[in-house]
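# got a structure for you, letters missing:
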């Protein structure tokens, strides 16, 4: 865990461990996970995570309806 700088005593690690439990009877349910203290402590992981961070999108080519008719009108 040192490689990813995640402490095993952190709430995030504890929640993830309970979500990844192999036994479905012992595994944390989605509802219980959403009610976990991890989502209620400050700083909240669900508060605007993309605040002031630009999201780069690569340029893409778009296919239009006109392009499709040219290919089939041979």
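Perfect, thanks for sending it. Not measured: the values here are computed from a predicted model.

# tell me the phi and psi of residue 16?
Note on residue 16: backbone dihedrals following degrees, to the nearest 10 are phi -60, psi -40.

# where along this structure do the helices fall?
Using DSSP state H, the helices of the chain run over residues 11-19, 30-34, 65-72.

# distance from the chain centre to the longest one, please.
This means helix 11-19. Here the centre of helix 11-19 is set off from its chain's centre by 15 Å, with CA atoms, centre = their mean, to the nearest Å.

# kindly report the same for the second one.
Put simply, helix 30-34 sits 15 Å off its chain's centre (CA atoms, centre = their mean).

# just give the number of residues close to residue 16.
14 (other CB atoms under 10 Å). C-beta: built from backbone N, CA, C; applies to glycine.

# residue 18 now?
Around residue 18 there are 15 residues (other CB under 10 Å).

# the one 10 residues further on now?
Other residues near residue 28 number 17, with proximity taken as other CB under 10 Å.

# circling back: just name the most buried of the helices of the chain.
The highest mean neighbour count among the helices of the chain, using mean count of other CB atoms under 10 Å, belongs to helix 11-19: a mean of 14.

# ok, so what distance separates residue 34 from residue 19?
Relative to residue 19, residue 34 is positioned 11 Å away (CB to CB, to the nearest Å).

# flag the shaky bits of this protein, pLDDT-wise.
The model of the chain has pLDDT under 70 over residues 1-4, 6, 45-47, 49, 67-74.

# all strands of it, in order?
Per DSSP state E, the chain carries no strands over any range.

# quick one on the thing from earlier: of all the helices of the chain, which one is nearest residue 53?
Closest to residue 53 of those is helix 11-19 (CB to CB; 19.8 Å).

# the closest one packs against which elements?
On a contact count with 3 or more CB pairs under 8 Å, 6 or more residues apart in numbering; DSSP states H and E, helix 11-19 meets helix 30-34.
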